[in-house]
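Asker: prediction below, plus the sequence it came from.
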Amino acid sequence: MKKVLELVKANVFIVIFVVISLVSMPVLMFFSAKQNAALREKVEQEVGEDSRKIQQISVTYTAPVLDPNSSPIPFNRPPNEPTTEAIRAYVKVLKKESDAIVQLAQEHNKRDRRILFDGLFPEPDAARETRIRQAAPAIRAEAHRQLINNVGAGSPPDAEFVLQLLQDRRTDMLDRLASQGREEDPDERAQIRTKLSEIRRNVYIEKSKYLTFYADDNVFRGVTPWEQSFLPSIETIWSWQHQYWVHQDILDALVQANTVAFQAEPIAQAPVKRVEQISVAAWDLADAAPTASVGLDASVRMMPDYEASLSGRAGWPLRANPLYDVRYVDLSLIVSSKQLPAVLNAFSTVNFMTVLDVDLEEIDANAHYAQGYVYGPGHVVRAKLLIETLWLRQWMAEYMPSSVKQTLGIPLPGTPVEATSEEQAPPASTRSRRERMQG
(Lines give C-alpha, C1' and ligand atoms only; values in the text may rest on other atoms or scores of the structure.)
Protein backbone atom coordinates (compact mmCIF):
# COMPACT_ATOMS: atom_id res chain seq x y z
CA MET A 1 0.00 0.00 0.00
CA LYS A 2 2.92 2.32 0.91
CA LYS A 3 4.38 1.73 -2.57
CA VAL A 4 1.08 2.63 -4.23
CA LEU A 5 0.88 5.94 -2.37
CA GLU A 6 4.47 6.74 -3.27
CA LEU A 7 3.61 5.99 -6.97
CA VAL A 8 0.57 8.26 -6.83
CA LYS A 9 2.55 11.08 -5.23
CA ALA A 10 5.28 10.74 -7.89
CA ASN A 11 2.71 10.86 -10.77
CA VAL A 12 0.02 13.06 -9.32
CA PHE A 13 -0.85 14.88 -12.59
CA ILE A 14 -1.27 11.66 -14.53
CA VAL A 15 -3.51 10.21 -11.82
CA ILE A 16 -5.67 13.36 -11.75
CA PHE A 17 -6.08 13.22 -15.58
CA VAL A 18 -7.10 9.55 -15.51
CA VAL A 19 -9.61 10.16 -12.74
CA ILE A 20 -11.15 13.09 -14.62
CA SER A 21 -11.35 11.01 -17.80
CA LEU A 22 -13.01 8.11 -16.05
CA VAL A 23 -15.54 10.36 -14.39
CA SER A 24 -16.38 12.40 -17.52
CA MET A 25 -16.90 9.47 -19.96
CA PRO A 26 -20.32 8.36 -18.58
CA VAL A 27 -21.41 11.97 -18.45
CA LEU A 28 -20.35 12.55 -22.05
CA MET A 29 -21.99 9.30 -23.18
CA PHE A 30 -25.21 10.37 -21.47
CA PHE A 31 -25.29 13.76 -23.16
CA SER A 32 -24.21 12.28 -26.54
CA ALA A 33 -27.01 9.70 -26.50
CA LYS A 34 -29.50 12.40 -25.64
CA GLN A 35 -28.32 14.56 -28.53
CA ASN A 36 -28.44 11.56 -30.97
CA ALA A 37 -32.03 10.81 -29.99
CA ALA A 38 -33.03 14.41 -30.60
CA LEU A 39 -31.24 14.48 -33.91
CA ARG A 40 -32.82 11.21 -34.98
CA GLU A 41 -36.28 12.44 -34.07
CA LYS A 42 -35.71 15.62 -36.04
CA VAL A 43 -34.48 13.74 -39.09
CA GLU A 44 -37.42 11.33 -38.89
CA GLN A 45 -39.84 14.23 -38.75
CA GLU A 46 -38.25 15.87 -41.76
CA VAL A 47 -38.20 12.63 -43.74
CA GLY A 48 -41.82 11.94 -42.81
CA GLU A 49 -42.83 15.42 -43.90
CA ASP A 50 -40.99 14.99 -47.21
CA SER A 51 -42.63 11.59 -47.70
CA ARG A 52 -46.07 13.08 -47.10
CA LYS A 53 -45.34 15.80 -49.61
CA ILE A 54 -44.20 13.22 -52.16
CA GLN A 55 -47.34 11.14 -51.56
CA GLN A 56 -49.43 14.22 -52.20
CA ILE A 57 -47.69 14.69 -55.59
CA SER A 58 -49.78 12.07 -57.47
CA VAL A 59 -49.54 11.27 -61.19
CA THR A 60 -52.37 9.54 -63.07
CA TYR A 61 -50.98 6.71 -65.16
CA THR A 62 -53.22 5.37 -67.92
CA ALA A 63 -52.89 1.79 -69.16
CA PRO A 64 -54.47 1.36 -72.61
CA VAL A 65 -56.45 -1.77 -73.54
CA LEU A 66 -56.89 -3.62 -76.84
CA ASP A 67 -60.69 -3.75 -76.65
CA PRO A 68 -61.96 -0.58 -78.38
CA ASN A 69 -65.21 -0.80 -76.43
CA SER A 70 -63.37 -0.65 -73.09
CA SER A 71 -61.91 2.47 -71.52
CA PRO A 72 -58.22 2.75 -70.61
CA ILE A 73 -57.41 1.77 -67.03
CA PRO A 74 -56.30 4.80 -64.92
CA PHE A 75 -54.45 4.55 -61.60
CA ASN A 76 -52.72 7.12 -59.39
CA ARG A 77 -49.15 6.77 -58.18
CA PRO A 78 -46.45 9.10 -56.90
CA PRO A 79 -44.08 9.77 -59.80
CA ASN A 80 -41.36 7.16 -59.83
CA GLU A 81 -39.11 5.67 -62.46
CA PRO A 82 -40.02 1.97 -61.93
CA THR A 83 -43.73 2.60 -62.50
CA THR A 84 -43.05 4.83 -65.49
CA GLU A 85 -40.75 2.21 -67.01
CA ALA A 86 -43.29 -0.55 -66.37
CA ILE A 87 -46.03 1.42 -68.14
CA ARG A 88 -43.67 2.20 -71.00
CA ALA A 89 -42.82 -1.50 -71.42
CA TYR A 90 -46.52 -2.45 -71.21
CA VAL A 91 -47.50 0.07 -73.89
CA LYS A 92 -44.70 -1.21 -76.13
CA VAL A 93 -45.95 -4.79 -75.81
CA LEU A 94 -49.53 -3.68 -76.38
CA LYS A 95 -48.51 -1.73 -79.48
CA LYS A 96 -46.76 -4.79 -80.87
CA GLU A 97 -49.83 -6.94 -80.24
CA SER A 98 -52.11 -4.30 -81.72
CA ASP A 99 -49.99 -4.02 -84.86
CA ALA A 100 -50.05 -7.80 -85.21
CA ILE A 101 -53.85 -7.83 -84.93
CA VAL A 102 -54.15 -5.09 -87.55
CA GLN A 103 -51.84 -7.02 -89.86
CA LEU A 104 -53.86 -10.20 -89.40
CA ALA A 105 -57.08 -8.30 -90.07
CA GLN A 106 -55.64 -6.83 -93.25
CA GLU A 107 -54.48 -10.23 -94.47
CA HIS A 108 -57.80 -11.86 -93.58
CA ASN A 109 -59.77 -9.20 -95.43
CA LYS A 110 -57.44 -8.98 -98.42
CA ARG A 111 -56.99 -12.72 -98.88
CA ASP A 112 -55.53 -13.67 -102.26
CA ARG A 113 -57.37 -11.08 -104.33
CA ARG A 114 -57.27 -11.25 -108.08
CA ILE A 115 -57.08 -8.05 -110.09
CA LEU A 116 -59.28 -8.58 -113.14
CA PHE A 117 -58.21 -5.50 -115.06
CA ASP A 118 -54.43 -5.58 -114.94
CA GLY A 119 -52.89 -2.30 -116.06
CA LEU A 120 -55.86 -0.17 -115.00
CA PHE A 121 -55.41 0.12 -111.22
CA PRO A 122 -54.45 2.10 -109.30
CA GLU A 123 -53.56 4.37 -112.21
CA PRO A 124 -54.10 3.28 -115.81
CA ASP A 125 -51.29 2.49 -118.17
CA ALA A 126 -51.79 5.16 -120.84
CA ALA A 127 -50.66 2.84 -123.62
CA ARG A 128 -53.13 0.10 -122.64
CA GLU A 129 -56.02 1.99 -121.06
CA THR A 130 -58.36 2.12 -124.06
CA ARG A 131 -57.78 -1.54 -124.91
CA ILE A 132 -58.45 -2.64 -121.33
CA ARG A 133 -61.62 -0.57 -121.08
CA GLN A 134 -62.86 -2.10 -124.34
CA ALA A 135 -62.22 -5.61 -123.05
CA ALA A 136 -63.49 -4.99 -119.51
CA PRO A 137 -67.11 -6.19 -120.01
CA ALA A 138 -65.94 -9.48 -121.53
CA ILE A 139 -63.28 -9.92 -118.83
CA ARG A 140 -65.90 -9.35 -116.17
CA ALA A 141 -68.34 -11.87 -117.65
CA GLU A 142 -65.68 -14.56 -118.05
CA ALA A 143 -64.40 -13.99 -114.50
CA HIS A 144 -67.85 -14.68 -113.07
CA ARG A 145 -68.22 -17.83 -115.14
CA GLN A 146 -64.92 -18.96 -113.68
CA LEU A 147 -66.15 -18.17 -110.17
CA ILE A 148 -69.01 -20.63 -110.63
CA ASN A 149 -66.68 -23.29 -112.02
CA ASN A 150 -64.08 -22.78 -109.28
CA VAL A 151 -66.55 -23.46 -106.46
CA GLY A 152 -67.90 -26.55 -108.19
CA ALA A 153 -71.39 -25.15 -108.78
CA GLY A 154 -73.50 -25.84 -111.84
CA SER A 155 -76.94 -26.28 -113.33
CA PRO A 156 -79.25 -29.29 -113.48
CA PRO A 157 -79.05 -31.46 -116.60
CA ASP A 158 -80.08 -29.62 -119.73
CA ALA A 159 -83.83 -29.99 -120.25
CA GLU A 160 -83.54 -30.72 -123.97
CA PHE A 161 -80.91 -33.37 -123.29
CA VAL A 162 -83.16 -35.07 -120.72
CA LEU A 163 -86.17 -34.89 -123.03
CA GLN A 164 -84.24 -36.43 -125.93
CA LEU A 165 -82.86 -39.16 -123.65
CA LEU A 166 -86.34 -40.08 -122.42
CA GLN A 167 -87.75 -40.10 -125.95
CA ASP A 168 -84.96 -42.40 -127.09
CA ARG A 169 -85.53 -44.75 -124.15
CA ARG A 170 -89.27 -44.82 -124.80
CA THR A 171 -88.66 -45.63 -128.45
CA ASP A 172 -86.37 -48.50 -127.41
CA MET A 173 -89.07 -49.89 -125.09
CA LEU A 174 -91.73 -49.70 -127.77
CA ASP A 175 -89.43 -51.36 -130.31
CA ARG A 176 -88.79 -54.16 -127.81
CA LEU A 177 -92.53 -54.70 -127.42
CA ALA A 178 -93.01 -54.70 -131.19
CA SER A 179 -90.24 -57.27 -131.64
CA GLN A 180 -92.15 -59.51 -129.24
CA GLY A 181 -95.35 -59.07 -131.22
CA ARG A 182 -96.95 -57.07 -128.44
CA GLU A 183 -98.71 -53.74 -128.49
CA GLU A 184 -98.65 -50.95 -125.95
CA ASP A 185 -101.61 -51.45 -123.62
CA PRO A 186 -102.50 -49.41 -120.53
CA ASP A 187 -100.43 -51.66 -118.26
CA GLU A 188 -97.40 -51.49 -120.54
CA ARG A 189 -97.86 -47.73 -120.83
CA ALA A 190 -97.85 -47.37 -117.03
CA GLN A 191 -94.71 -49.50 -116.73
CA ILE A 192 -92.95 -47.46 -119.40
CA ARG A 193 -93.94 -44.26 -117.62
CA THR A 194 -92.56 -45.58 -114.32
CA LYS A 195 -89.28 -46.64 -115.91
CA LEU A 196 -88.88 -43.30 -117.65
CA SER A 197 -89.50 -41.49 -114.35
CA GLU A 198 -86.77 -43.58 -112.73
CA ILE A 199 -84.38 -42.81 -115.57
CA ARG A 200 -85.14 -39.13 -115.29
CA ARG A 201 -84.63 -39.11 -111.54
CA ASN A 202 -81.35 -41.00 -111.81
CA VAL A 203 -80.08 -38.48 -114.36
CA TYR A 204 -80.92 -35.62 -111.99
CA ILE A 205 -79.36 -37.35 -108.97
CA GLU A 206 -76.22 -38.31 -110.84
CA LYS A 207 -75.62 -34.72 -111.94
CA SER A 208 -76.20 -33.41 -108.40
CA LYS A 209 -73.45 -35.69 -107.02
CA TYR A 210 -70.82 -33.65 -108.85
CA LEU A 211 -72.04 -30.20 -107.75
CA THR A 212 -71.34 -28.23 -104.58
CA PHE A 213 -74.71 -26.52 -105.07
CA TYR A 214 -76.87 -25.40 -107.97
CA ALA A 215 -75.85 -22.04 -109.47
CA ASP A 216 -74.83 -20.50 -112.76
CA ASP A 217 -73.44 -17.13 -113.81
CA ASN A 218 -76.97 -15.72 -114.11
CA VAL A 219 -77.24 -15.55 -110.30
CA PHE A 220 -75.05 -12.41 -110.27
CA ARG A 221 -77.50 -9.54 -110.55
CA GLY A 222 -76.08 -6.54 -112.37
CA VAL A 223 -73.43 -8.53 -114.22
CA THR A 224 -74.92 -7.88 -117.64
CA PRO A 225 -73.52 -7.11 -121.09
CA TRP A 226 -72.32 -3.54 -121.64
CA GLU A 227 -74.79 -2.01 -124.10
CA GLN A 228 -73.70 1.63 -123.99
CA SER A 229 -72.19 3.38 -127.00
CA PHE A 230 -69.26 4.64 -124.89
CA LEU A 231 -66.56 2.80 -122.97
CA PRO A 232 -67.07 2.12 -119.26
CA SER A 233 -65.30 4.66 -117.05
CA ILE A 234 -62.42 3.89 -114.70
CA GLU A 235 -64.81 4.40 -111.77
CA THR A 236 -67.34 1.95 -113.23
CA ILE A 237 -64.69 -0.69 -113.83
CA TRP A 238 -63.38 -0.26 -110.29
CA SER A 239 -66.92 -0.86 -109.03
CA TRP A 240 -66.97 -4.06 -111.13
CA GLN A 241 -63.69 -5.14 -109.56
CA HIS A 242 -64.96 -4.58 -106.03
CA GLN A 243 -68.26 -6.29 -106.83
CA TYR A 244 -66.34 -9.33 -108.09
CA TRP A 245 -64.49 -9.60 -104.76
CA VAL A 246 -67.81 -9.44 -102.89
CA HIS A 247 -69.24 -12.21 -105.09
CA GLN A 248 -66.13 -14.27 -104.45
CA ASP A 249 -66.49 -14.03 -100.67
CA ILE A 250 -70.19 -14.88 -100.77
CA LEU A 251 -69.61 -18.02 -102.84
CA ASP A 252 -66.67 -19.08 -100.68
CA ALA A 253 -68.87 -18.77 -97.59
CA LEU A 254 -71.53 -20.99 -99.17
CA VAL A 255 -68.87 -23.56 -100.05
CA GLN A 256 -67.70 -23.40 -96.44
CA ALA A 257 -71.25 -24.10 -95.27
CA ASN A 258 -71.37 -27.23 -97.44
CA THR A 259 -67.94 -28.52 -96.37
CA VAL A 260 -67.49 -31.16 -93.69
CA ALA A 261 -64.01 -32.44 -92.76
CA PHE A 262 -62.49 -30.53 -95.70
CA GLN A 263 -64.80 -32.25 -98.18
CA ALA A 264 -67.89 -30.90 -99.92
CA GLU A 265 -71.11 -32.67 -99.04
CA PRO A 266 -73.40 -33.90 -101.86
CA ILE A 267 -76.31 -31.57 -102.48
CA ALA A 268 -78.78 -34.08 -100.99
CA GLN A 269 -77.00 -33.85 -97.61
CA ALA A 270 -75.60 -30.28 -97.83
CA PRO A 271 -77.11 -27.21 -96.11
CA VAL A 272 -77.03 -25.03 -99.26
CA LYS A 273 -78.94 -26.59 -102.14
CA ARG A 274 -79.18 -23.76 -104.63
CA VAL A 275 -78.12 -20.14 -105.11
CA GLU A 276 -80.89 -18.20 -106.82
CA GLN A 277 -79.56 -14.65 -106.62
CA ILE A 278 -76.58 -12.60 -105.42
CA SER A 279 -77.20 -8.87 -105.62
CA VAL A 280 -74.60 -6.35 -104.44
CA ALA A 281 -75.97 -2.89 -103.73
CA ALA A 282 -74.61 -0.64 -106.47
CA TRP A 283 -72.25 2.28 -105.91
CA ASP A 284 -72.57 5.28 -108.20
CA LEU A 285 -68.91 6.26 -108.19
CA ALA A 286 -68.90 7.96 -111.57
CA ASP A 287 -71.43 10.66 -110.67
CA ALA A 288 -70.88 10.98 -106.91
CA ALA A 289 -69.42 14.18 -105.50
CA PRO A 290 -66.06 14.05 -103.68
CA THR A 291 -66.23 13.37 -99.95
CA ALA A 292 -64.27 15.33 -97.36
CA SER A 293 -61.12 13.40 -96.52
CA VAL A 294 -61.40 11.23 -93.41
CA GLY A 295 -57.86 9.84 -93.55
CA LEU A 296 -56.72 6.26 -93.11
CA ASP A 297 -56.07 6.18 -89.37
CA ALA A 298 -57.08 2.69 -88.26
CA SER A 299 -56.80 3.68 -84.59
CA VAL A 300 -59.82 6.00 -84.70
CA ARG A 301 -62.60 4.63 -82.53
CA MET A 302 -65.72 3.92 -84.57
CA MET A 303 -68.93 4.90 -82.83
CA PRO A 304 -71.90 2.65 -83.69
CA ASP A 305 -74.71 4.10 -85.79
CA TYR A 306 -77.79 1.93 -85.37
CA GLU A 307 -79.82 4.16 -87.66
CA ALA A 308 -77.62 2.94 -90.48
CA SER A 309 -77.49 -0.76 -89.71
CA LEU A 310 -78.46 -3.35 -87.13
CA SER A 311 -74.74 -3.89 -86.57
CA GLY A 312 -74.14 -0.19 -85.93
CA ARG A 313 -71.54 -0.04 -88.72
CA ALA A 314 -71.78 2.57 -91.44
CA GLY A 315 -69.61 3.50 -94.40
CA TRP A 316 -69.66 5.55 -97.57
CA PRO A 317 -71.94 7.02 -98.90
CA LEU A 318 -73.89 7.07 -95.64
CA ARG A 319 -70.92 7.97 -93.44
CA ALA A 320 -67.37 7.77 -94.69
CA ASN A 321 -64.88 6.60 -92.12
CA PRO A 322 -61.11 6.01 -92.14
CA LEU A 323 -61.28 2.29 -91.37
CA TYR A 324 -63.64 0.46 -93.72
CA ASP A 325 -66.30 0.58 -96.41
CA VAL A 326 -69.54 -1.38 -96.30
CA ARG A 327 -71.14 -3.32 -99.16
CA TYR A 328 -74.57 -4.88 -98.69
CA VAL A 329 -75.60 -8.08 -100.43
CA ASP A 330 -79.10 -9.46 -101.00
CA LEU A 331 -78.88 -13.23 -101.24
CA SER A 332 -81.58 -15.75 -102.17
CA LEU A 333 -80.89 -19.42 -101.44
CA ILE A 334 -82.64 -22.76 -101.24
CA VAL A 335 -81.41 -24.34 -98.01
CA SER A 336 -82.10 -27.16 -95.62
CA SER A 337 -84.29 -25.66 -92.90
CA LYS A 338 -82.67 -27.94 -90.33
CA GLN A 339 -79.16 -26.86 -91.31
CA LEU A 340 -79.82 -23.13 -91.68
CA PRO A 341 -77.58 -22.20 -88.68
CA ALA A 342 -74.58 -23.71 -90.48
CA VAL A 343 -75.28 -21.43 -93.44
CA LEU A 344 -75.58 -18.31 -91.30
CA ASN A 345 -72.39 -19.09 -89.36
CA ALA A 346 -70.30 -19.68 -92.49
CA PHE A 347 -70.14 -16.03 -93.59
CA SER A 348 -68.12 -14.78 -90.63
CA THR A 349 -65.59 -17.60 -91.03
CA VAL A 350 -64.61 -16.44 -94.52
CA ASN A 351 -64.37 -12.67 -94.04
CA PHE A 352 -65.82 -9.68 -92.20
CA MET A 353 -69.41 -10.52 -93.07
CA THR A 354 -72.50 -10.29 -90.88
CA VAL A 355 -76.02 -11.57 -91.53
CA LEU A 356 -78.34 -8.63 -90.82
CA ASP A 357 -81.68 -10.04 -91.90
CA VAL A 358 -83.24 -13.44 -92.66
CA ASP A 359 -86.59 -14.08 -94.35
CA LEU A 360 -87.82 -17.65 -94.91
CA GLU A 361 -90.38 -18.83 -97.45
CA GLU A 362 -91.92 -22.21 -98.15
CA ILE A 363 -91.32 -23.58 -101.64
CA ASP A 364 -92.86 -26.29 -103.80
CA ALA A 365 -90.00 -28.78 -104.03
CA ASN A 366 -91.88 -30.79 -106.66
CA ALA A 367 -92.05 -27.77 -108.94
CA HIS A 368 -88.27 -27.35 -108.57
CA TYR A 369 -87.79 -31.07 -109.24
CA ALA A 370 -89.69 -30.67 -112.49
CA GLN A 371 -86.90 -28.29 -113.57
CA GLY A 372 -84.19 -30.77 -112.61
CA TYR A 373 -83.36 -29.62 -109.05
CA VAL A 374 -82.93 -32.48 -106.58
CA TYR A 375 -82.67 -31.22 -103.00
CA GLY A 376 -82.71 -34.49 -101.08
CA PRO A 377 -85.22 -35.93 -98.63
CA GLY A 378 -85.17 -33.17 -95.96
CA HIS A 379 -87.36 -30.09 -95.69
CA VAL A 380 -86.10 -27.09 -97.65
CA VAL A 381 -86.99 -23.40 -97.66
CA ARG A 382 -86.07 -20.27 -99.56
CA ALA A 383 -83.84 -18.10 -97.38
CA LYS A 384 -83.50 -14.42 -98.29
CA LEU A 385 -80.51 -12.95 -96.48
CA LEU A 386 -79.12 -9.47 -96.14
CA ILE A 387 -75.35 -9.66 -95.70
CA GLU A 388 -73.12 -6.82 -94.53
CA THR A 389 -69.55 -7.05 -95.85
CA LEU A 390 -66.70 -4.86 -94.58
CA TRP A 391 -63.68 -3.81 -96.63
CA LEU A 392 -60.64 -2.33 -94.88
CA ARG A 393 -59.50 0.83 -96.60
CA GLN A 394 -55.83 0.50 -95.78
CA TRP A 395 -55.25 -2.29 -98.30
CA MET A 396 -58.05 -1.34 -100.69
CA ALA A 397 -56.52 2.12 -101.17
CA GLU A 398 -53.45 0.49 -102.71
CA TYR A 399 -55.53 -0.42 -105.77
CA MET A 400 -58.01 2.46 -105.94
CA PRO A 401 -57.82 5.04 -108.74
CA SER A 402 -57.32 8.60 -107.52
CA SER A 403 -60.82 9.62 -108.57
CA VAL A 404 -62.34 6.83 -106.49
CA LYS A 405 -60.25 7.84 -103.46
CA GLN A 406 -61.53 11.39 -103.73
CA THR A 407 -65.12 10.19 -103.96
CA LEU A 408 -64.76 7.97 -100.91
CA GLY A 409 -62.88 10.55 -98.84
CA ILE A 410 -59.51 8.77 -98.91
CA PRO A 411 -56.66 11.31 -98.90
CA LEU A 412 -54.31 11.50 -101.85
CA PRO A 413 -50.59 11.84 -101.13
CA GLY A 414 -49.91 15.35 -99.86
CA THR A 415 -53.58 16.10 -99.21
CA PRO A 416 -54.45 17.36 -95.69
CA VAL A 417 -56.94 15.30 -93.73
CA GLU A 418 -60.02 17.32 -92.87
CA ALA A 419 -61.70 14.81 -90.56
CA THR A 420 -59.71 12.59 -88.27
CA SER A 421 -62.31 11.36 -85.81
CA GLU A 422 -65.71 9.79 -85.83
CA GLU A 423 -67.21 12.96 -84.41
CA GLN A 424 -65.94 14.93 -87.42
CA ALA A 425 -67.18 12.45 -90.01
CA PRO A 426 -70.15 13.39 -92.25
CA PRO A 427 -73.52 12.79 -90.59
CA ALA A 428 -75.57 9.68 -91.28
CA SER A 429 -78.49 9.75 -93.67
CA THR A 430 -81.99 9.65 -92.21
CA ARG A 431 -83.14 7.20 -94.89
CA SER A 432 -83.55 3.58 -93.90
CA ARG A 433 -81.01 0.98 -94.92
CA ARG A 434 -83.44 -0.65 -97.37
CA GLU A 435 -84.22 2.72 -98.95
CA ARG A 436 -80.52 3.46 -99.42
CA MET A 437 -79.91 0.05 -100.98
CA GLN A 438 -82.72 0.66 -103.43
CA GLY A 439 -81.05 3.90 -104.47
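Answerer: Structure's in. What do you need? Numbering: from 1, shown residues only.
Asker: which residues touch the host helix or strand of residue 200?
Answerer: Under the criterion of DSSP states H and E, residue 200 resides in helix 186-208. Helix 186-208 is touched from outside by 154, 156-157, 162, 165-166, 169-170, 173-174, 177, 182, 184, 214, 266-268, 369, 372-374, with contacts defined as C-beta atoms under 8 Å, 6 or more residues apart in numbering. (Glycine included, C-beta is placed from N, CA and C.)
Asker: out of these, which end up buried?
Answerer: 154, 156-157, 162, 165-166, 170, 173-174, 214, 267, 372-374 (16 or more other C-beta atoms under 10 Å).
Asker: and these as CSV, adding pLDDT and distance to residue 400?
Answerer: Output for the buried ones among the contacts of helix 186-208, formatted as CSV (pLDDT from 0 to 100; distance: C-beta to C-beta, whole Å):
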residue, pLDDT, distance to residue 400
154, 96, 34
156, 96, 40
157, 95, 43
162, 93, 47
165, 94, 51
166, 93, 54
170, 91, 60
173, 89, 64
174, 88, 66
214, 98, 35
267, 96, 39
372, 96, 43
373, 97, 40
374, 96, 44
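Asker: what secondary structure does residue 335 sit in?
Answerer: Secondary structure for residue 335, judged by DSSP: H, G, I helix; E, B strand; the rest coil, is strand.
Asker: look up how far residue 119 lies from residue 199.
Answerer: Using C-beta to C-beta, to the nearest Å, one obtains 51 Å as the distance from residue 199 to residue 119.
Asker: repeat for residue 290
Answerer: Distance, residue 290 to residue 119, by C-beta to C-beta: 25 Å.
Asker: neighbour count for the two, which is higher?
Answerer: The residue with more neighbours, out of residue 290 and residue 119, is residue 119; 14 against 11, by other C-beta atoms under 10 Å.
Asker: surely that one and residue 126 touch.
Answerer: No. Counting by C-beta atoms under 8 Å, residue 119 sits too far from residue 126 to count as a contact (9.9 Å).
Asker: which parts of the stretch 301-439 of the chain are strands?
Answerer: Using DSSP state E, counting those that start in this stretch, the strands assigned to the stretch 301-439 of the chain run over residues 324-336, 353-362, 380-392.
Asker: tabulate these (TSV), appending distance to residue 299 and mean pLDDT.
Answerer: Output for these, formatted as TSV (distance: least, C-beta to C-beta, whole Å; pLDDT from 0 to 100):
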stretch	distance to residue 299	mean pLDDT
strand 324-336	13	97
strand 353-362	22	97
strand 380-392	13	97
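Asker: the closest residue in space to residue 79 that isn't next to it in sequence: what's it in contact with?
Answerer: Of all residues not flanking residue 79 in the chain, residue 59 sits nearest, at 4.7 Å (C-beta to C-beta, 6 or more residues apart in numbering). By C-beta under 8 Å, 6+ apart, residue 59 lies in contact with 76, 77, 78, 79.
Asker: any chance of those residues in a markdown table, plus neighbour count and distance to residue 296?
Answerer: Below are the contacts of residue 59 laid out as a markdown table (neighbours: other C-beta atoms under 10 Å; distance: C-beta to C-beta, whole Å):
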| residue | neighbour count | distance to residue 296 |
| --- | --- | --- |
| 76 | 8 | 36 |
| 77 | 14 | 36 |
| 78 | 13 | 40 |
| 79 | 11 | 36 |
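Asker: pick out the lowest-pLDDT one from those residues.
Answerer: Within the set of those, pLDDT is lowest for residue 77 (73).
Asker: rewinding a little: turn the contacts of residue 59 into TSV, columns for secondary structure and distance to residue 220.
Answerer: Converted to TSV, the contacts of residue 59 look like this (DSSP: H, G, I helix; E, B strand; the rest coil; distance: C-beta to C-beta, whole Å):
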residue	secondary structure	distance to residue 220
76	strand	60
77	strand	60
78	coil	65
79	coil	63
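Asker: and the helices in the stretch 151-300 of the chain?
Answerer: 159-179, 186-208, 234-257 (DSSP state H, counting those that start in this stretch).
Asker: and those helices, which is most packed in?
Answerer: For these, the largest average neighbour count (mean count of other C-beta atoms under 10 Å) is found in helix 234-257, namely a mean of 22.
Asker: output the contacting helices and strands for that helix.
Answerer: Applying 3 or more C-beta pairs under 8 Å, 6 or more residues apart in numbering; DSSP states H and E, one finds that helix 234-257 contacts helix 129-150, strand 272-280, strand 324-336, helix 340-350, strand 353-362, strand 380-392, helix 402-408.
Asker: quick one: strands adjacent to the third one?
Answerer: Each strand that strand 324-336 pairs with, and the sense of that pairing, follows from DSSP bridges: strand 272-280 (antiparallel), strand 380-392 (antiparallel).
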